[in-house]
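Participant: Here's my sequence, what's the structure:
(one chain, ligands or ions: 1)
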Amino acid sequence: MAEYAEPFYDVNLSYAENYERGPFGAFGAALAGHAQPDGRARSPELGADLFGFPVNLPFGIPAGPLLNSRFTAAAFRMGFDLAVYKTVRSRAWECNPFPNVLSVHPRTDSLTPGDPELDEGVLADGRFGRPLSISNSFGVPSRDPDEWQPDMRDAIAAAGSGQLLIPSFQGSRQDGMTTGEYIADHVAAAKLVQETGAQLVEMNTSCPNEGRNRLLCDDPRLVGEITESVKNEIGDMPLIVKLAYLPSEEALERMVRETAAHGSVQGFATINTVSAKLVDRHGNQALPGEGRERSGVCGAAIRGAGLNMVRRLAGMRERLKLDFAIIGIGGVMNPADYRDYRAAGADAVMSATGAMWDCELAHQIKAGLGQ
Ligand SMILES: Cc1cc2nc3c(=O)[nH]c(=O)nc-3n(C[C@H](O)[C@H](O)[C@H](O)COP(=O)(O)O)c2cc1C
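Facilitator: Numbering: from 1, shown residues only. Here you go, the predicted structure:
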């Protein structure tokens, strides 16, 4: 397997160690002062903008790998013009135990929800190489708002010209909570984000925030209720909803009708990881601990699923005559993948796994576009 350079998130360290000491590799060097915010020439994708905000190249890193303002500042310096600040909550939340990232080796090139392999077991271990697919199991940890709010302010301030910091948040379902309290928690988190001076915000509905392996985005009606309440709080600020792959056309259309068609949502970011049973080479559970039989797979193996979701959303946008933005995510590992997502209808494209292991990805895409 061909080797990658050092990733900016060190999978051999805990989440807390990465948070305190990262980023690593070329991102660490960029932060140490060997690069300036990369707001260079405008992209030939020209006049690129997202929700009216100018962006040099509509490409960046989605929610997750950029843990705090040091990571987002490094991403900007390395030419990623869109940087999503890892999902925060209205309260502090623990991270799942280490390890949090494994390499996965599906039998087939492409994994889409419904594939039998996802329930039979996908081999997961510590051998990272190309083609790179990984699983991540963090449980969406969050620092207390007293800590993340000032840090998010710093992250926003570090964006260069033509660069945009996008905060991500999600609601926290706790035992005994009523639906009203759950909705109110989303509104509280959105308000905390808005207080940092954010220009736009992303709401995550695609992690197991509804309890083990249950996703909020599987309930379009509830997402509609929540986004309406959040939008009432945040006013004109654009609201993006992060979606997992939704296999059913009917469910996807209901999601769009309950949110974007009402004007409460201005964009969708999709996809998140694809849930799989992870096994070691003996067929045993790969990640230690209760409730971790399944975990999300991302990277090269989910590119087909991501492109499929973006194409379907773009088709729906045209058919329903709506004008929401689409941020295409999933398995973007090289410049050709970026172009494929743009051709599929994405207004912007992001890479988590690909960018983590290839810090030069934004520069490579820009070079390929002739910058
Ligand atoms: C280390 C890591 C942490 C992630 N954490 C989050 C998160 O907190 N919130 C979220 O919405 N998505 C999270 N994701 C999912 C990514 O945003 C993205 O949707 C997914 O990884 C697919 O993109 P990729 O194939 O480029 O990795 C995370 C992904 C990775 C790799």
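Participant: okay, how far is it across stretch 82-97, tip to tip?
Facilitator: From its first residue to its last, stretch 82-97 covers 29 Å (C-alpha to C-alpha, to the nearest Å).
Participant: Skipping its backbone neighbours, what lies nearest the closest residue to the ligand within the chain in space?
Facilitator: Proximity of the chain to the ligand (C-beta to the nearest ligand atom) peaks at residue 64, 2.2 Å away. For the C-beta atoms, the positions are set from N, CA and C on the backbone; glycine is no exception. Excluding the flanking residues, the one nearest residue 64 by C-beta to C-beta, 6 or more residues apart in numbering is residue 352, at 5.3 Å.
Participant: same question, residue 166
Facilitator: Nearest to residue 166 is residue 84, by C-beta to C-beta, 6+ apart, at 4.6 Å.
Participant: For the one you found, list the residues it contacts.
Facilitator: Listed by C-beta atoms under 8 Å, 6 or more residues apart in numbering, the contact set of residue 84 reads 60-64, 66, 166-168, 202, 350.
Participant: Next, it: secondary structure please.
Facilitator: What DSSP: H, G, I helix; E, B strand; the rest coil gives for residue 84 is strand.
Participant: Mind putting the contacts of residue 84 into JSON lines with secondary structure, pLDDT and distance to residue 218?
Facilitator: Shown next, in JSON lines, are the contacts of residue 84 (DSSP: H, G, I helix; E, B strand; the rest coil; pLDDT from 0 to 100; distance: C-beta to C-beta, whole Å):
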{"residue": "60", "secondary structure": "strand", "pLDDT": "98", "distance to residue 218": "27"}
{"residue": "61", "secondary structure": "strand", "pLDDT": "98", "distance to residue 218": "26"}
{"residue": "62", "secondary structure": "coil", "pLDDT": "98", "distance to residue 218": "20"}
{"residue": "63", "secondary structure": "coil", "pLDDT": "98", "distance to residue 218": "19"}
{"residue": "64", "secondary structure": "coil", "pLDDT": "97", "distance to residue 218": "20"}
{"residue": "66", "secondary structure": "coil", "pLDDT": "98", "distance to residue 218": "26"}
{"residue": "166", "secondary structure": "strand", "pLDDT": "98", "distance to residue 218": "24"}
{"residue": "167", "secondary structure": "strand", "pLDDT": "98", "distance to residue 218": "24"}
{"residue": "168", "secondary structure": "strand", "pLDDT": "98", "distance to residue 218": "19"}
{"residue": "202", "secondary structure": "strand", "pLDDT": "98", "distance to residue 218": "18"}
{"residue": "350", "secondary structure": "strand", "pLDDT": "98", "distance to residue 218": "22"}
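Participant: Make a ChimeraX selection of the buried ones in the residues you listed.
Facilitator: Filtering the contacts of residue 84 down to the buried ones (16 or more other C-beta atoms under 10 Å) takes a single ChimeraX command:
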select :60,61,62,63,64,66,166,167,168,202,350
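Participant: of all the contacts of residue 84, which two lie farthest apart?
Facilitator: 167 and 350 (14.4 Å; C-beta to C-beta).
Participant: For residue 141, which non-adjacent residue is spatially closest?
Facilitator: Nearest non-adjacent residue to residue 141, counting by C-beta to C-beta, 6+ apart: residue 95, 3.7 Å away.
Participant: ok, now residue 96?
Facilitator: residue 139 (4.1 Å).
Participant: what's the burial count for the one you found?
Facilitator: Using other C-beta atoms under 10 Å, residue 139 has 16 neighbouring residues.
Participant: Now do the SS call for it.
Facilitator: Under three-state DSSP, residue 139 comes out as coil.
Participant: change the start of the numbering to 9 and stick with it
Facilitator: With the count now opening at 9, the last piece we talked about shows up as residue 147.
Participant: need the helices for the stretch 259-379 of the chain, in chain order.
Facilitator: Per DSSP state H, counting those that start in this stretch, the stretch 259-379 of the chain carries helices over the ranges 311-327, 343-352, 361-365, 369-376.
Participant: Adding mean neighbour count, mean pLDDT and distance to the ligand, write those out as JSON lines.
Facilitator: Formatted as JSON lines, those follow (neighbours: other C-beta atoms under 10 Å; pLDDT from 0 to 100; distance: least, C-beta to the nearest ligand atom, whole Å):
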{"stretch": "helix 311-327", "mean neighbour count": "20", "mean pLDDT": "98", "distance to the ligand": "7"}
{"stretch": "helix 343-352", "mean neighbour count": "19", "mean pLDDT": "98", "distance to the ligand": "9"}
{"stretch": "helix 361-365", "mean neighbour count": "25", "mean pLDDT": "98", "distance to the ligand": "3"}
{"stretch": "helix 369-376", "mean neighbour count": "19", "mean pLDDT": "94", "distance to the ligand": "10"}
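Participant: Residue 120 is nearest to which of the ones you listed?
Facilitator: Going by C-beta to C-beta, the one of those nearest residue 120 is helix 311-327, 4.4 Å.
Participant: got the angle between that closest one and helix 343-352?
Facilitator: Interaxial angle, helix 311-327 versus helix 343-352 (axes from the mean of the first three to the mean of the last three C-alpha atoms, to 10 degrees): 20 degrees.
Participant: which other helices and strands contact helix 311-327?
Facilitator: Contact analysis of helix 311-327 by 3 or more C-beta pairs under 8 Å, 6 or more residues apart in numbering; DSSP states H and E lists helix 257-266, strand 275-278, strand 333-337, helix 343-352 as its packing neighbours.
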